[in-house]
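S.K.: here is a sequence together with a model predicted from it:
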Amino acid sequence: MASSNPRLLRYTQNSLQALSNNNAHRVASRYALSIYTADAVYSFIPKNACSTMRYSIAIANGAIAGPLEFNWIHSNNPTFQASLSELVKAKYTFTILRDPYSRIYSCFLDKMVDQTAVAWQYHALTNYQTPPSMLTFREFITNLKSQLRRNEHWRPQSDFLVYENYDDFFCVEEFSEAVKILQKRIGFEVHDARKLTKHGTDQFNVTDSNEPFSDVPAYEIAALKRSGRIPSAVQFYDAPLIDEVTQLYSADIALYAEVIKRPLIF
């Protein structure tokens, strides 16, 4: 989707603060990465194919050669952060959105069920109420009401957008189309990092039952993952949870509907 003024910064218009003190802009600009060979800026959003994209940008910018250096990206998130000049002068801008219901499901499966450092951070943020191994999807979502912006993996997607509009909004659900367009428009090659990260939901077989999982503790889901299977996103949601996520991520849902025009899972 193109804009008549795609370089208009998203969080500056309604604030008289010095840009250096504008927290909303500072957050979004930290996630805006330059692709130097194309004079392009990509706003990366955690849980939205961002490992693949950060890996691909590191290769495009000449920092690494290939998969043997993959872990370099985890220590270099700020390395290609776009300057204000690069933000304004960019010849092409894009970002990748994701169905908000799927994104938070993926976050739970990846970060909470696997008891990563993010799960332990969440445990501390919630006053050590429930051990990560016992956490359910329902409790996770319920607690996000007070923790919505405390971690990038569940923070609303719209917070990461540095521009009011972009030359292209892509989505995870049609990622193969984004790969083709990026190659055609700016000669950017996407290198699939899913086998390197080993945490994408595509690495597992989805269970074919309708068994609900909204109240199943993480350790039971972890056991299922070790067998190579995961529940579908739909199995984690009931009507109250759909309502909660709809309210929490209302801006993301509206944005997805506006620029992607693809049906959400609910």
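M.R.: That came through fine.
S.K.: over to the nearest residue to residue 59 once chain neighbours are set aside: give its phi and psi.
M.R.: Spatially, and ignoring its direct neighbours in sequence, residue 59 is nearest to residue 191 (6.0 Å; Cβ to Cβ, 6 or more residues apart in numbering). Any C-beta I mention is one placed from the backbone N, CA and C, and that applies to glycine too. Main-chain torsions, residue 191, degrees, to the nearest 10: phi -110, psi 120.
S.K.: residue 168 and residue 88: what is the separation?
M.R.: From residue 168 over to residue 88 the distance is 18 Å, taken as Cβ to Cβ, to the nearest Å.
S.K.: list the contacts of residue 217.
M.R.: Listed by Cβ atoms under 8 Å, 6 or more residues apart in numbering, the contact partners of residue 217 are 133, 134, 135, 136.
S.K.: show me the strands in the stretch 101-250 of the chain, by range?
M.R.: 168-171, 205-206, 229-230 (DSSP state E, counting those that start in this stretch).
S.K.: what are the pairing partners of the longest one, and which direction each?
M.R.: On the basis of DSSP bridges, the sheet neighbours of strand 168-171 come out as strand 92-97 (parallel).
S.K.: now do the contacts for residue 13.
M.R.: Neighbours of residue 13 in contact, by Cβ under 8 Å, 6+ apart: residue 164.
S.K.: could you do residue 148 as well?
M.R.: 154, 155, 156, 248.
S.K.: what comes up buried for stretch 171-183?
M.R.: 171, 172, 173, 175, 178, 179, 182 (16 or more other Cβ atoms under 10 Å).
S.K.: wait, the second one touches residue 50, no?
M.R.: No. Residue 172 sits out of contact with residue 50 when judged by Cβ atoms under 8 Å, with a separation of 9.9 Å.
S.K.: what do those two both touch?
M.R.: With Cβ under 8 Å, 6+ apart as the test, residue 172 and residue 50 both reach residue 96.
S.K.: who's more crowded, residue 168 and residue 88?
M.R.: Legend: neighbour count by other Cβ atoms under 10 Å for residue 168 and residue 88, higher for residue 168 (19 against 12).
S.K.: and the more buried one, bridged to which residues?
M.R.: Applying DSSP bridges to residue 168 yields these beta-bridge partners: residue 94.
S.K.: surely it is in contact with residue 181?
M.R.: Yes. Between residue 168 and residue 181 there is a contact under Cβ under 8 Å: 6.6 Å.
S.K.: dump the residue contacts of residue 219.
M.R.: Counting by Cβ under 8 Å, 6+ apart, the residues that residue 219 touches are 133, 134.
S.K.: correction: residue 170
M.R.: 94, 95, 96, 97, 177, 178, 181.
S.K.: paired strands for the host helix or strand of residue 42, with orientation please.
M.R.: If you go by DSSP states H and E, residue 42 is part of strand 40-43. If you go by DSSP bridges, strand 40-43 pairs up with strand 32-35 (antiparallel), strand 92-97 (parallel).
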